[in-house]
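Engineer: can't give you the sequence, but here's the structure:
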């Protein structure tokens, strides 16, 4: 087990290295960069660009050096927590992301919790009452949730909230708290706003989760060990909890790896539609303006989270499933 | 026989299944009884309804099934007030009363000991759970009672076994764990649904022996569900023969085996291969379907004629020399070193003559399937050689590559064990059988289709079935399709890897007869791999016995069965249950510890840590046994 863990950690290093190289290359493949865009835009507006400032920034961030050297400067910075400088916002990347990260994490975790709380009971009920009317109804409902795009749902919510109740449901807090420091009023305002994006983003996730829970549980329910447990005289509900549900959890745990990055990137489109102060819109804007340190460091952060997420789910699987712990994975 | 009270009485039981096209009666008015402390065997083919009856007694019918009539009266001998027997047929599904009986008063074990246990819970956990459900147990007591039960079913280290998982145990130990789980509450009745079908014959004998001794210790009754008449003859006091949901014949084991009345039972007994068959005697299949070989024969005759002109009859068609295959070992413990490589096949040599059938017998894990795969080059050998000679000169199979290797593929074909998974469910029968012809570009598409149709008639299937998919065929028919596919390329040698072990007795007889006919008419050579000695005895001319990757004995079939020399062969033969009351299994002499463990062999067969100290010793008549070179030949014959 220990050897397995050490090996898994060792593998992470080259993986992260390659990812960073790919991210850097892709961003630098573009024939233009942030500065040429900036200058071109100013010139298009008939203004004179402050070329000395541009030259200074270029020198400061090593744009006169060859790409390979710049890459190592960037990676070296990442290693000791320097994520670079956002040209667009004229702030260090850390400060640009700052608050938004916490809000994103709040929205995403609430969404995940919402999804699990709704999807698990429904999925279990559907699987244990297969082909009943309730099963058909609930699965159809889940399918609908899965089929309707997030952003469309968000638009519908906004439209009807406005038409029927005269409410504006955008944002994550009342405008007066936007740049205010933390206070009870701000927390209350956030809590009052957060449930709408959670509901909207969670719908599709719930639909998908219901389907996976149902399919996985149905497969386990047919297994022979369920009959064995019934032959022991165990109560059907206790059988369900102890045996098939436990084994159906494996898929769910291996899914954790993909949850972590989505926690941080957030649902970008919904965030734009509802003008949420999360990181999703920020990332898209950074990619559009070729704000390379902001985009690059952000992507790198997502990649790291994915790899860490996969590691966590692998370790959790090894702990929960003796077959992996004692036979295969620990080899 | 009225002196022993009946613990279970099934009266006019009817069970029907609700299917999309209407209700289907699976059990139609079945009545039988299980007397206290006795064993009753419920015998029938798959689909006869025997498993459904056992499910009904446990209240475990699938949701689609329901009891549409009759009674299942369970008369618990432990009942305090001596009241009326319980009618299980009336108890609500998964209600409190039936859950009290399940596991508490009626225990059950199943055919597949692997899938019957949860893979992620320790066996101790699962056994103790049954105990806690039915008996008030103090906190510390559960574990010690469970460990005592594990010891009772033959775990050598019950303390360690308590914390083991099912996948860490062998098939035999898993079934013992299942027995411990079913019996920990000392039920009055044990239902055993094909408890030994998935086990090797020596392990089967051990488990059967264990069931008998536990029965006398705990005084329970056993309802044994099986299709194996050999097991029945050794276990049952009374026998109930069931066919298509109706009872054909019932009576004491004595009556059933000595004076079978019903034609179905007689046919069932005749379909079973047994050791004292006369040479040339044929099994009588219940529903015989003979193939029409004529169209396939014409093409085959040409190839045969070409070969016989060049081939010397003395040269073997296949010679295997010192074949060896090892697999990387498992790492033990957390930081343990990788274990030594596991030797799957070690120094195996044998020859197969043209037109012969060589049987390869061994228990699971003995390396018999690896040998088949090595010859097919599905896996790579570590060392050794395989020489194939179809008359046009010897070919080193293991060194073939490129076009020569492709051509060689047509000469050896394979028939697999599982007729379900060895046929693609997404291909029609026509495509399945034609695929080898397409791969090797033999003939035009219309010629290929014609050949496939001929092959279908050769294996006794209707040509009109060609456009159907495998799922619309029964197990025996599917195996025929597999045989037709193996014949498509007109091979010289066919490797049959357990071709009948997944089939019912009656179907098994059909397929065995078909294989025999094909061999005789088409001049085929077989390597027949099986764990069933009676089957090998029926089809093979010579038999090689494999233990721990080495051939320990090889002899013509008559000689091997009359005078086996090696301890392992002797143990194997002793463990085969005969469907004959006059040949009961000698449970006391059955090697209760692993028969394949060399420690239990006579000293002249033990290598004492040096595999090279054993050499094949010729006893005459082609009878060769693996023993120490220093041993006198007379000692071996004795």
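Structural biologist: Now that the structure is in, tell me what you want to look at. Given the structure is predicted, the values throughout are model-derived calculations rather than measurements. Residues are numbered from 1 along each chain as shown, chains lettered A, B, ... in the order given.
Engineer: what about residue B:191, which helix or strand?
Structural biologist: strand B:189-193 (DSSP states H and E).
Engineer: can you give me the angle the helix or strand just after that strand makes with strand B:189-193?
Structural biologist: Downstream of strand B:189-193, the next assigned helix or strand under DSSP H and E is helix B:201-218. With axes from the mean of the first three to the mean of the last three Cα atoms, to 10 degrees defining the directions, helix B:201-218 sits at 170 degrees from strand B:189-193.
Engineer: where does the residue positioned nearest the centre of chain B land on pLDDT?
Structural biologist: With distances taken as Cα atoms, centre = their mean, the residue of chain B nearest its centroid is residue B:501 (4.6 Å). At residue B:501, the model reports a pLDDT of 81.
Engineer: Give me the distance between it and chain A.
Structural biologist: 20 Å (Cβ to the nearest Cβ, to the nearest Å). (Glycine included, C-beta is placed from N, CA and C.)
Engineer: which helices and strands sit right next to the strand holding residue B:191?
Structural biologist: When contacts are defined as 3 or more Cβ pairs under 8 Å, 6 or more residues apart in numbering or on different chains; DSSP states H and E, strand B:189-193 packs onto helix B:50-58, strand B:106-109, helix B:201-218, strand B:221-226.
Engineer: And it, what's buried?
Structural biologist: B:189, B:190, B:191, B:192, B:193 (16 or more other Cβ atoms under 10 Å in any protein chain shown).
Engineer: Out of the helices and strands packed on strand B:189-193, which one sits most buried?
Structural biologist: Each of those was scored by mean neighbour count; the highest is strand B:106-109, a mean of 28, by mean count of other Cβ atoms under 10 Å in any protein chain shown.
Engineer: List the buried residues for the top helix by length along chain A?
Structural biologist: Looking across chain A with DSSP state H, the single longest helix is helix A:184-221. Buried residues in helix A:184-221, counting neighbours by 16+ other Cβ under 10 Å, are found at A:186, A:189-190, A:193-194, A:196-211, A:213-214, A:216-218, A:220-221.
Engineer: how about that helix, does it get close to chain B?
Structural biologist: No - judged by Cβ under 8 Å from any Cβ of the partner chain, helix A:184-221 and chain B are separated, with a smallest distance of 10.1 Å.
Engineer: Chain B contacts on chain A?
Structural biologist: A:1-3, A:223-225, A:227-236, A:242-243, A:246-247, A:320-323, A:326-327, A:330-331.
Engineer: In contact with the spatially most central residue of chain A, which residues?
Structural biologist: Nearest to the mean C-alpha position of chain A, counting by Cα atoms, centre = their mean, stands residue A:262 at 1.0 Å. By Cβ atoms under 8 Å, 6 or more residues apart in numbering or on different chains, residue A:262 lies in contact with residue A:108.
Engineer: From the chain's centroid, how far away is the helix or strand encompassing it?
Structural biologist: Counting by DSSP H and E, the element that carries residue A:262 is helix A:244-265. In terms of Cα atoms, centre = their mean, to the nearest Å, the centre of helix A:244-265 is found 13 Å from the chain centre.
Engineer: now do stretch A:315-328
Structural biologist: The answer for stretch A:315-328 is 26 Å, by Cα atoms, centre = their mean.
Engineer: Repeat that for stretch B:495-503.
Structural biologist: 9 Å.
Engineer: End to end on it, go ahead and measure it.
Structural biologist: 18 Å (Cα to Cα, to the nearest Å).
Engineer: Tell me which residues are up against that stretch.
Structural biologist: Contacts with stretch B:495-503, where a contact means Cβ under 8 Å, 6+ apart, come from B:369, B:372, B:375-376, B:412-420, B:475-476, B:479, B:482-483, B:507-508, B:511-512, B:515, B:526-532, B:535.
Engineer: Separate out the buried members of these.
Structural biologist: For the contacts of stretch B:495-503, buried by 16+ other Cβ under 10 Å: B:369, B:372, B:375-376, B:412-419, B:475-476, B:479, B:482-483, B:507-508, B:511-512, B:515, B:526-532, B:535.
Engineer: out of the residues you listed, which are inside helices?
Structural biologist: B:369, B:372, B:375-376, B:475-476, B:479, B:482-483, B:507-508, B:511-512, B:515, B:535.
Engineer: which two in those residues are spaced the farthest apart?
Structural biologist: Largest separation among those by Cβ to Cβ: B:375 and B:507, giving 27.1 Å.
Engineer: Pull out the buried positions in the strand or helix carrying residue A:163.
Structural biologist: Assigned by DSSP H and E, residue A:163 belongs to helix A:150-165. Within helix A:150-165, the residues scored as buried using 16+ other Cβ under 10 Å are A:150, A:151, A:153, A:154, A:157, A:158.
Engineer: what sits against the fifth one?
Structural biologist: Same thing as residue A:157. Contacts of residue A:157 (Cβ under 8 Å, 6+ apart): A:169, A:196, A:199, A:200.
Engineer: ok, now how distant is the residue nearest to residue B:522 when sequence neighbours are not counted from residue B:432?
Structural biologist: Nearest residue to residue B:522, sequence neighbours excluded (Cβ to Cβ, 6 or more residues apart in numbering or on different chains): residue B:300, at 5.0 Å. Between residue B:300 and residue B:432 the distance is 21 Å, computed by Cβ to Cβ, to the nearest Å.
Engineer: same deal with residue A:44?
Structural biologist: Computed as Cβ to Cβ, the residue A:44 to residue B:432 distance reads 68 Å.
Engineer: ditto for residue B:510
Structural biologist: Distance, residue B:510 to residue B:432, using Cβ to Cβ: 20 Å.
Engineer: what ranges do the helices span in the stretch 51-200 of chain B?
Structural biologist: Counting by DSSP state H, counting those that start in this stretch, the segments of the stretch 51-200 of chain B that form helices are B:96-101, B:123-134, B:141-152, B:158-161, B:171-183.
Engineer: Tell me which of those is the most buried.
Structural biologist: Highest mean neighbour count among these (mean count of other Cβ under 10 Å): helix B:171-183, with a mean of 25.
Engineer: and residue B:375, what does it touch?
Structural biologist: Residue B:375 neighbours (Cβ under 8 Å, 6+ apart): B:318, B:320, B:386, B:397, B:412, B:495, B:527.
Engineer: run the last query once more with 6 Å
Structural biologist: Counting by Cβ atoms under 6 Å, 6 or more residues apart in numbering or on different chains, residue B:375 touches residue B:386.
Engineer: Show the backbone phi and psi for residue B:361.
Structural biologist: phi -110, psi 140 (degrees, to the nearest 10).
Engineer: count of neighbours near it?
Structural biologist: The local packing of residue B:361 (other Cβ atoms under 10 Å in any protein chain shown) involves 27 other residues.
Engineer: And for the one 5 residues further on?
Structural biologist: By the other Cβ under 10 Å criterion, the neighbourhood of residue B:366 contains 25 residues.
Engineer: for residue B:556, phi and psi?
Structural biologist: According to degrees, to the nearest 10, residue B:556 has phi -60, psi 150.
Engineer: Now do the helix holding residue A:163 against helix A:184-221: the angle between them, please.
Structural biologist: Going by the same axes, to 10 degrees, helix A:150-165 makes 130 degrees with helix A:184-221.
Engineer: before we move on, which element is residue B:446 in?
Structural biologist: Using DSSP H and E, residue B:446 maps to helix B:445-458.
Engineer: From the contact counts, what lies against that helix?
Structural biologist: helix B:294-310, helix B:429-439 (3 or more Cβ pairs under 6 Å, 6 or more residues apart in numbering or on different chains; DSSP states H and E).
Engineer: at 8 Å what do you get?
Structural biologist: Looks like helix B:445-458 contacts helix B:294-310, helix B:429-439, helix B:475-487 (3+ Cβ pairs under 8 Å, 6+ apart).
Engineer: so residue B:441, which of the three states?
Structural biologist: Of the three states, residue B:441 takes coil according to DSSP: H, G, I helix; E, B strand; the rest coil.
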